[in-house]
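K.L.:
Just to be clear, the model below is a prediction. Sequence and coordinates:
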Amino acid sequence: MSTKETVHHKKQATYQDKRNVLNKAYLIEPIIRHRIQDSIFYKQHLYLTNEATILPIIVEHVKYVSGTDSSGRPSPFICCLLRMLELEPSKDMIDTYLTQLGFNEFKYLTALALIYVRLVYSSDVVYKTFDPYFQDARKLRVKLKSPIFNEVKLPIGYSLTYIDAWVDELLTRERVVDIILPRLVPRIKFVESGVLPPRQYYIDIEQANSDNGDAVSDDSYASDSD
């Protein structure tokens, strides 16, 4: 009879991509999701909305980017995001949310659509969708979880960001507005396989253009003086 003890090794848990869940609302953690569904704003404005009727709610009530406050109360922004995840709009509808038929008038609708894309779509589609917005300098208000006090002891409840900075946060941070973002496949993998081009840094292009413009103006000045 063998005296050796049988050792059972537990398998290491592998990362499960939450984008594969059947109900996209589960991309938001249960505690926050239940708080949103129990909130007055969700019950009053979002409970019976569809892909079309949610638009006037977003335009009228979403005036800043935020998750939950220090007391755990959900903001209209994250409430509308949960409802979008529950509705699972078609790709054509999401494209309409992003561009608004070319008018780009409602920036918080664009911000909501961008975080929806980040949560639901595959990594290569996320990069393709985000690329045009690195040139978008529209301002966004961000509500702080707790107010901070300035030099004269006045409370400040909001900060300022931009659409391009918002896109960068969605690509680089693990958690945004109290939501854990799914992992992204590094862009270099898609670049090496030819699926995507390298990321363009538009500030370098603008700087190069301005330098070229300065060189042309110097030459023209020299030719005029001759």
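P.N.:
Now that the structure is in, tell me what you want to look at.
K.L.:
Pull the CA coordinates from the lengthiest strand in the chain and hand them back as CSV.
P.N.:
Counting by DSSP state E, the longest strand found in the chain is strand 139-149. Extracted C-alpha coordinates of strand 139-149, given in CSV (Å, rounded to 0.1, in the frame of the first residue of the first chain):
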residue,chain,number,x,y,z
LYS,A,139,-15.0,70.0,-23.6
LEU,A,140,-16.6,67.6,-21.1
ARG,A,141,-17.5,68.3,-17.5
VAL,A,142,-16.5,65.6,-15.0
LYS,A,143,-18.2,65.5,-11.6
LEU,A,144,-15.8,64.6,-8.8
LYS,A,145,-16.7,61.9,-6.4
SER,A,146,-16.1,64.3,-3.5
PRO,A,147,-15.6,68.0,-3.8
ILE,A,148,-12.1,69.5,-3.4
PHE,A,149,-11.3,72.9,-1.9
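K.L.:
Now do that strand, average pLDDT.
P.N.:
Average pLDDT, strand 139-149: 90.
K.L.:
packing partners for that strand?
P.N.:
Packing contacts for strand 139-149, counted by 3 or more Cβ pairs under 8 Å, 6 or more residues apart in numbering; DSSP states H and E, involve helix 107-120, strand 155-162. From N, CA and C alone the C-beta is placed, and that goes for glycine too.
K.L.:
now the angle from that strand to strand 155-162?
P.N.:
150 degrees (axes from the mean of the first three to the mean of the last three Cα atoms, to 10 degrees).
K.L.:
buried set for the helix or strand that contains I78?
P.N.:
Using DSSP states H and E, I78 sits in helix 76-87. By neighbour count on 16 or more other Cβ atoms under 10 Å, the buried set for helix 76-87 is P76, F77, I78, C79, C80, L81, L82, R83, M84, L85, L87.
K.L.:
That helix versus strand 139-149: what angle between them?
P.N.:
130 degrees.
K.L.:
Give me the contact list for stretch 112-130.
P.N.:
Contacts with stretch 112-130, where a contact means Cβ atoms under 8 Å, 6 or more residues apart in numbering, come from 19, 24, 27, 58, 62, 77, 80-81, 84-85, 88, 94, 97-98, 133, 163, 166-167, 170-171, 176-177, 179, 181-182, 184-185, 187, 190, 195-196, 199.
K.L.:
low-scoring pLDDT stretches of the chain, where are they?
P.N.:
The model of the chain has pLDDT under 70 over residues 1-22, 203-226.
K.L.:
if you set the cut-off to 90 instead, what comes out?
P.N.:
Counting by pLDDT under 90, the chain has low-confidence residues at 1-24, 70-72, 99, 101-105, 145-157, 198-226.
K.L.:
rewinding a little: buried ones in the longest strand of the chain?
P.N.:
L140, V142, K143.
K.L.:
For the helix holding I78, which outside residues touch it?
P.N.:
23-25, 27-28, 32-33, 36-37, 39, 41-42, 45-46, 49-51, 54, 57-58, 61-68, 108, 111-112, 115-116, 119-120, 177-179.
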